[in-house]
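Asker: Build me a structure from this.
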Amino acid sequence: MSKEVANISPIQSISKTLDSEAFAPKIAASLDGTGISPERFKRAALAALSRPEAAYLVEKCNRQSIYTALMNAAAAGLELHPALGQAYLVPRGGEATLQIGYRGLIALAARSGLAVEVDVIFAGDKYSVVKGTSPEVRVEPEFDAKKKGEWVAVYCITHYASGAKTLTFMTRAEVEALRDRFSDAYKRGGAAAKAWRENPEEMAKKTAIRRAAKLWPVSVPGDDENETVEHQTPPIRDVTPQQSTGGGHLDELAANL
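Answerer: As a prediction, this is how the structure comes out:
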């Protein structure tokens with residue numbers, strides 16, 4: 001092994017592979033029609049992998065799994081730049097896995113001809129919920145901050161090209177019950193708990209979108225519905241469960257059912 005090869009950093013090695021004749025054409029083909037150039041995709045991927053928080057993933061995870069996860073992101077037409085919050089690479093059991101953020105789900109929905117509305121309802125708002133074949137949520141918002149109060153519910157309405165609509169409506173109690181039951185990451189504290197403390201409304205929106213997305217006719221390459229991502233840029237760490245309960249993976253990050 002030459003001194004030049006021995007001194008190459010993991011990021012430089014990944015960058016060279018992305019530019020290689022064996023890999024670059026596959027990325028270009030996957031991105032065709034998405035509006036994302038291979039160069040832009042590569043810059044975003046390297047930005048994500050160059051973060052200090054990503055050091056564990058880059059140094060410890062199987063390198064082929066990183067490339068597979070990158071190809072899955074390209075196939076989904078999602079960028080990995082942390083600022084976009086569309087998708088993330090997360091280590092699990094020594095393998096890099098692609099996890100889709102709720103902004104990524106909205107992007108996939110739009111690409112499939114769906115329109116998505118998501119919002120939270122506050123204690124001071126007047127609202128009504130209409131279910132059935134043409135569901136609606138009608139809200140008269142309280143604009144006085146002193147009367148507005150804390151959030152009490154969240155909803156996500158999906159509009160289909162046919163004119164049909166689906167409604168996902170969750171009370172705060174339902175959202176927090178899912179978080180408390182399934183989120184080991186929230187229970188451990190750290191980034192998940194901080195996100196819920198500082199951005200509870202955004203985390204609630206994420207929860208509603210993740211639940212609504214289970215009904216969407218959207219293919220998400222490489223995404224595992226039982227694995228979730230933070231709304232904010234999360235510290236990248238190995239989230240392999242310490243013990244197996246025999247029931248499959250629980251949601252690792254807060255309430256993205």
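Asker: who's in contact with A115?
Answerer: Residues in contact with A115 (CB atoms under 8 Å, 6 or more residues apart in numbering) are 109, 158-159. For glycine as for every other residue, the C-beta is placed from the backbone atoms N, C-alpha and C.
Asker: could you redo the last one with a cut-off of 6 Å?
Answerer: The contact partners of A115, by CB atoms under 6 Å, 6 or more residues apart in numbering, come to H159.
Asker: Can you find the helix or strand of this protein with the lowest average pLDDT?
Answerer: helix 3-6 (a mean of 51; mean pLDDT, DSSP states H and E).
Asker: Now tell me what touches the next helix or strand after that helix from outside.
Answerer: Where DSSP states H and E defines the elements, the next helix or strand beyond helix 3-6 is helix 10-18. For helix 10-18, contacts defined as CB under 6 Å, 6+ apart pick out 23, 42, 46, 50, 58.
Asker: For helix 10-18, buried residues please.
Answerer: 10, 14-15, 18 (16 or more other CB atoms under 10 Å).
Asker: One more: stretch 79-91?
Answerer: 79-82, 84-91.
Asker: what's the closest of those residues to F169?
Answerer: For the buried residues of stretch 79-91, the residue nearest F169 by CB to CB is G85; the value is 23.8 Å.
Asker: Pull up the gap between that closest one and F122, please.
Answerer: Here G85 is placed at a distance of 24 Å from F122 (CB to CB, to the nearest Å).
Asker: go on, A212?
Answerer: Distance from A212 to F122, by CB to CB: 20 Å.
Asker: Neighbour count for the two, which is higher?
Answerer: A212 (24 against 18; other CB atoms under 10 Å).
Asker: I'd like to know the average pLDDT value across the host helix or strand of that one.
Answerer: Using DSSP H and E, A212 sits within helix 200-213. The pLDDT scores in helix 200-213 average 91.
Asker: residue ranges for the strands of the chain, please.
Answerer: 87-92, 95-100, 115-122, 126-130, 136-140, 151-159, 165-171 (DSSP state E).
Asker: Give the other helices and strands that the fifth one contacts.
Answerer: In terms of contacts (3 or more CB pairs under 6 Å, 6 or more residues apart in numbering; DSSP states H and E), strand 136-140 is packed against strand 126-130.
Asker: now what about the strand it packs on, what contacts it?
Answerer: In contact with strand 126-130 (CB under 6 Å, 6+ apart) are residues 121, 136-140, 169.
Asker: What residues does L78 make contact with?
Answerer: 86-87, 104.
Asker: Understood, closing this out.
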